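**Student:** just the structure for this:
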Amino acid sequence: MALEPIQGQPGLFRDPADPNTIVNIRDFREGDKYDTVAIPTGVITAGTEFTFFQNIQAKREIDCNLRTPAKLSAGESMVLDRIGIHVRLSTGKSFPAPQDVKSVLENAFYRLKINDILQDEGPAIKFPSGYGLYGNTTENNQGIVTNGVPATASTSRLVKKQLLNQNHELFGVLRFDQRLWLTSTVTGPAPFTSGDELTEIIVQTLTDTPRDCAVLVTNYLHGLIRSAVSKG
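**Tutor:** Have a look, this model is predicted:
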């Protein structure tokens with residue numbers, strides 16, 4: 001449901017599909033709904049997909065704050081304002097190498113659907129979260145890599161805010177595609193003479209102490225959230 005501000009009434013929005021429905025965002029707090037997927041060490045073959053919000057089993061709040069798969073909690077509503085993708089730079093004693101962060105962000109395609117209706121899509125790098133570290137380090141094979149400037153004011157917003165509740169199903173996906181046009185000569189000289197670099201993406205193990213080092217990617221849905229005040 002796209003919302004339109006009511007002129008002269010700060011904080012009040014109207015649903016164009018139901019002009020009698022008024023949403024008062026003064027009752028909301030700014031926050032995020034988010035989920036995390038783990039991309040394991042090794043080859044990511046073309047066509048592989050990693051899905052957000054669907055599988056939340058055993059996840060703790062640091063990685064996912066949904067209580068119901070793919071949906072907001074009962075009595076909860078949200079005015080969705082923007083979408084963000086963030087690669088976690090540390091997971092316990094594992095530290096993904098900067099090249100892994102770049103490999104994931106620059107080669108993945110992201111899509112968000114709500115109730116099977118497309119909200120936005122594009123290369124993952126298009127969706128900065130506004131969160132993350134910034135600067136440099138002197139660690140071996142390490143550095144600070146972020147998807148855009150870590151400032152929420154620098155992130156892109158949806159053209160129209162969406163009002164979500166427990167009846168809306170969330171579906172986000174990261175997909176790694178095969179890009180044969182870069183090696184094909186059908187449309188002219190191919191930029192790459194070999195397809196090896198393009199048919200698979202590799203997550204390395206370049207930590208100081210070599211170990212399996214999955215890349216964790218968190219999908220943030222940012223906006224205004226209203227929770228149920230009481231259970232009664």
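
**Student:** which residues in this structure form strands?
**Tutor:** Under the criterion DSSP state E, the chain carries strands at the ranges 4-5, 12-15, 18-24, 29-39, 42-45, 49-52, 77-87, 108-114, 117-123, 162-164, 170-176, 200-203, 215-226.

**Student:** just checking, what packs against the second one?
**Tutor:** Right, the one you point to is strand 12-15. strand 4-5, strand 18-24 (3 or more C-beta pairs under 8 Å, 6 or more residues apart in numbering; DSSP states H and E). Just so you know, the C-beta spots here come from the backbone N, C-alpha and C atoms, and that holds for glycine as well.

**Student:** switch the cut-off to 6 Å
**Tutor:** In terms of contact count using 3 or more C-beta pairs under 6 Å, 6 or more residues apart in numbering; DSSP states H and E, strand 12-15 is assigned the packing partners strand 18-24.

**Student:** pairing partners for the strand it packs on, with directions?
**Tutor:** Using DSSP bridges, the strands paired with strand 18-24 in its sheet are strand 12-15 (antiparallel).

**Student:** which residues does the strand it pairs with contact?
**Tutor:** Taking C-beta atoms under 6 Å, 6 or more residues apart in numbering as the criterion, the residues outside strand 12-15 that touch it are 1, 3-6, 21-24.

**Student:** swap the cut-off to 7 Å and go again
**Tutor:** 1, 3-6, 21-25 (C-beta atoms under 7 Å, 6 or more residues apart in numbering).

**Student:** and stretch 83-92, by the same measure?
**Tutor:** Around stretch 83-92, the neighbours that count as contacts under C-beta under 7 Å, 6+ apart are 95-96, 101, 104-105, 110, 112, 120, 124, 127-133, 147, 155, 214-222.

**Student:** out of the contacts of strand 12-15, which is nearest to Leu163?
**Tutor:** Comparing those against Leu163 with C-beta to C-beta picks out Met1 as the nearest, at 4.5 Å.

**Student:** sorry, back to before: okay, the contacts of strand 12-15 in a markdown table with neighbour count, distance to Pro40 and pLDDT next?
**Tutor:** Written out in a markdown table, the entries for those read as follows (neighbours: other C-beta atoms under 10 Å; distance: C-beta to C-beta, whole Å; pLDDT from 0 to 100):
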| residue | neighbour count | distance to Pro40 | pLDDT |
| --- | --- | --- | --- |
| Met1 | 19 | 37 | 56 |
| Leu3 | 20 | 40 | 72 |
| Glu4 | 13 | 44 | 79 |
| Pro5 | 13 | 45 | 79 |
| Ile6 | 13 | 49 | 83 |
| Thr21 | 13 | 45 | 75 |
| Ile22 | 13 | 47 | 77 |
| Val23 | 22 | 42 | 73 |
| Asn24 | 11 | 45 | 73 |
| Ile25 | 19 | 40 | 66 |
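
**Student:** which one of the residues you listed is nearest to Ile39?
**Tutor:** Met1 (32.9 Å).

**Student:** show me which helix runs longest in the chain.
**Tutor:** When the chain is parsed with DSSP state H, its longest helix is helix 98-107.

**Student:** angle of that helix against strand 29-39?
**Tutor:** Angle between the axes of helix 98-107 and strand 29-39 is 110 degrees (criterion: axes from the mean of the first three to the mean of the last three C-alpha atoms, to 10 degrees).
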